[in-house]
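Visitor: Generate a structure from the sequence data that follows.
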Amino acid sequence: MLSPSASGARLTPRIARGRSTLRAYLSLTKTRIIEQLLVVTVPAMFLAGRRGEAGQLPSLWLLVATLVGGAIAAASAHALNCVVDADIDAKMKRTQARPLAQHQVPRSHALVFGLVLGVLSAVWLGFTTNWLAAWLSVAAIAFYVLVYTLVLKRRTSQNIVWGGAAGCMPVVIGWAAVTGRVDWPAAVMFGVIFFWTPPHFWALAMRYRDDYAAAGVPMLPVVATPVQVSRRIVAYSWLMALWSLLLVPVTSWVYAVVAVLAGGWFVVMAHRLHTAVKAGEPARPMRLFHLSNTYLCGLFVTVAVDAALGLPALGWPF
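Guide: Predicted structure coming up:
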């Protein structure tokens, strides 16, 4: 009969392998990105409830159900993205530690894992919210994997511009979960994230240009000069800041003030990056990258606070 210590010694490697496998599958879902997606979902739901027919914030159950379904959908998209991009991830220093690049998870298993999560998210959202939200989540997964990852990413420098549309879907899904339809404020929030994505991602790609070049991915900083990249970052920053003001009619002065100040701050920082690049000085694009995360989080938190306060909407000026 084995002693307790011998039995424990045999179980320990199994437990360690189990934990390692669990961490690998969890890593496939890119949890940090999921957190960012959920940050924009709740404010969209708050605004949809407050400015909707009921005029009330959504129930806690609806919030939880939508967030769970959205998290599972995002996890599905990211896992399937890792399957398709396994060869690229193995060539880039920034992504070499990912599970498929390290052969920690069989590619076929990761594919099944991603597909199962996708089906689970659609069924969950369909039965806990509504089927419009469910089908929108399916569309987001399909667009991210089939359009962005399989088609755009390896073929055009505009990959992140159009492919980024998938990352805009959480606000639309959140709105649909509350109202059962898609109204123009949801489209405005979609647009804010759509115009935010290029400055956000191109700043990161400037920092990791050599990685993308080595992997043969035509991100804009790989195929364009730094000045051309920074000029486009400025253009999209202006579009983002101005577009965010379209939400003012369904919000109060609280959102209006923050949108103007935060948008102006972002535009100034984008211009500083462009000025540094033109002068041949150290550009430090990661400053803008980190600022972009702060901007998006702050803007959408303001949307949530504005809706929670229930202040009168400013309405259209005409």
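Visitor: Where does pLDDT dip in the stretch 201-318 of the chain?
Guide: 317-318 (pLDDT under 70).
Visitor: redo that, cut-off 80
Guide: 315-318 (pLDDT under 80).
Visitor: what do you get for the stretch 51-200 of the chain?
Guide: Ranges of the stretch 51-200 of the chain meeting pLDDT under 80: 52-54, 94-96.
Visitor: Nearest residue to Ser169 in space, please, no chain neighbours.
Guide: One thing to correct before we go on: residue 169 is Met, not Ser. Distance criterion Cβ to Cβ, 6 or more residues apart in numbering; nearest residue to Met169, sequence neighbours excluded, is Ala140 at 3.8 Å. All C-beta spots, glycine's among them, are computed from the backbone N, C-alpha and C.
Visitor: What separation do you get for that neighbour and Leu247?
Guide: 21 Å (Cβ to Cβ, to the nearest Å).
Visitor: who's more crowded, the two?
Guide: Neighbour totals were compared for Ala140 and Leu247, and Ala140 leads with 26 against 22 (other Cβ atoms under 10 Å).
Visitor: thinking the more buried one is in contact with Ile72, fair?
Guide: No: contact criterion Cβ atoms under 8 Å: Ala140 and Ile72 do not qualify, at 12.0 Å.
Visitor: wait, what's in contact with the spatially closest residue to Pro58 that is not a sequence neighbour?
Guide: Using Cβ to Cβ, 6+ apart and skipping the chain neighbours, the partner closest in space to Pro58 is Gly49 (4.4 Å). By Cβ atoms under 8 Å, 6 or more residues apart in numbering, the contact set of Gly49 is Gly55, Gln56, Leu57, Pro58, Val178, Ala307.
Visitor: How about Val40?
Guide: So Val40 contacts Pro170, Val171, Gly174, Met189, Ile193, Leu296, Phe300 (Cβ under 8 Å, 6+ apart).
Visitor: Which of the helices or strands spans the second one?
Guide: It stands for Val171. helix 169-179 (DSSP states H and E).
Visitor: following that helix, which helix or strand comes up?
Guide: Following helix 169-179 toward the C-terminus (DSSP H and E): helix 184-207.
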